[in-house]
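1. next comes the sequence, and after it the predicted model I'd like to discuss.
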Amino acid sequence: MNVDFHQLLIVFAAYVIAAGSPGPSNMRIMGVAMARGRGAALVLASGVVSGSIFWGLMASSGISALLARYAQALIVLQIFGGLYLLFLAFRAGRSALTSNERPAARASADDVALSRGALYRRGLLMHLANPKSVLAWIALVTLGIGPNSSWQSIAAILGGCAVLSVTIFCGYAVVFSTPPMVALYRRCRRWIESLLAIFFAFAGLRMLFSRL
């Protein structure tokens, strides 16, 4: 099997840095894990993982590179992603303004609005609508796949990054759903939701007004 293991390590290290560093997906998983527990966070994380694997498949097949040549397509994706992050900022801000004295009403409303299917779709949309995910995967594929690369190398890169994606995003869900983290959320819910609102608003505005 013709696989350059040194090149694989470089690609995997780059992926860990890109996926593991704080971003909209990671922050949302953290928030859901602390607010609703491990199961809900893992569902959200599975949506993020699905989006990451999708862009990996597109990048390895060359489709995303073709998409990147058409600036209008990425601009539409950028606008949609920015507006979606602003929507998340609005929801987090509204939650931060909700009094801690009415947890039952708040929980029932969120249960209706965020079913497991809705959580999965939210995670998927956050990754699919982020043009930076497209460009990051193009960079990773360019880094690890040359003109003479074998199908084994491509499969190793996609398989390895898929495993890392599950480990990283589901790891966030597990770590931040532990009892100490849940207790911290209950004590500091309004502050945490406020920070999430600020983060999502900043990320959304930056995505809307930055150049790709």
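-> Noted; the coordinates are in hand.

2. residue 199: neighbour count?
-> Counted with other Cβ atoms under 10 Å, residues neighbouring residue 199 total 20. The way it works is simple: take the backbone N, C-alpha and C, and place the C-beta from them, glycine included.

3. following element in sequence after the lowest-mean-pLDDT helix or strand in the chain, please.
-> The helix or strand of the chain with the lowest confidence, counting by mean pLDDT, DSSP states H and E, is helix 103-113 at a mean of 39. For helix 103-113, the succeeding helix or strand toward the C-terminus, using DSSP states H and E, is helix 116-128.

4. what residues does that next one touch?
-> 24-25, 28-29, 32, 39-40, 43-52, 54-55, 81, 84-85, 114, 133 (Cβ atoms under 8 Å, 6 or more residues apart in numbering).

5. one more pass at 7 Å, please.
-> 24-25, 28, 32, 40, 43-48, 50-52, 54, 84, 133 (Cβ atoms under 7 Å, 6 or more residues apart in numbering).

6. so how far is it off the chain centroid?
-> Centroid separation between helix 116-128 and its chain, computed with Cα atoms, centre = their mean, to the nearest Å, is 9 Å.

7. list the buried residues of that helix.
-> For helix 116-128, burial by neighbour count (16 or more other Cβ atoms under 10 Å) applies to 119-128.

8. helices or strands next to the next helix or strand after that helix in the packing?
-> Counting by DSSP H and E, the next helix or strand C-terminal to helix 116-128 is helix 131-144. Helices and strands touching helix 131-144, by 3 or more Cβ pairs under 7 Å, 6 or more residues apart in numbering; DSSP states H and E, are helix 5-20, helix 38-61, helix 63-69, helix 71-96.

9. okay, the closest residue to residue 78 other than its chain neighbours and residue 30: tell me how far apart.
-> Take residue 78 and drop its neighbours on the chain: the residue closest to it by Cβ to Cβ, 6 or more residues apart in numbering is residue 131, 4.8 Å away. Distance of residue 131 to residue 30, given as Cβ to Cβ, to the nearest Å: 23 Å.

10. before we move on, what about residue 163?
-> Distance, residue 163 to residue 30, by Cβ to Cβ: 21 Å.
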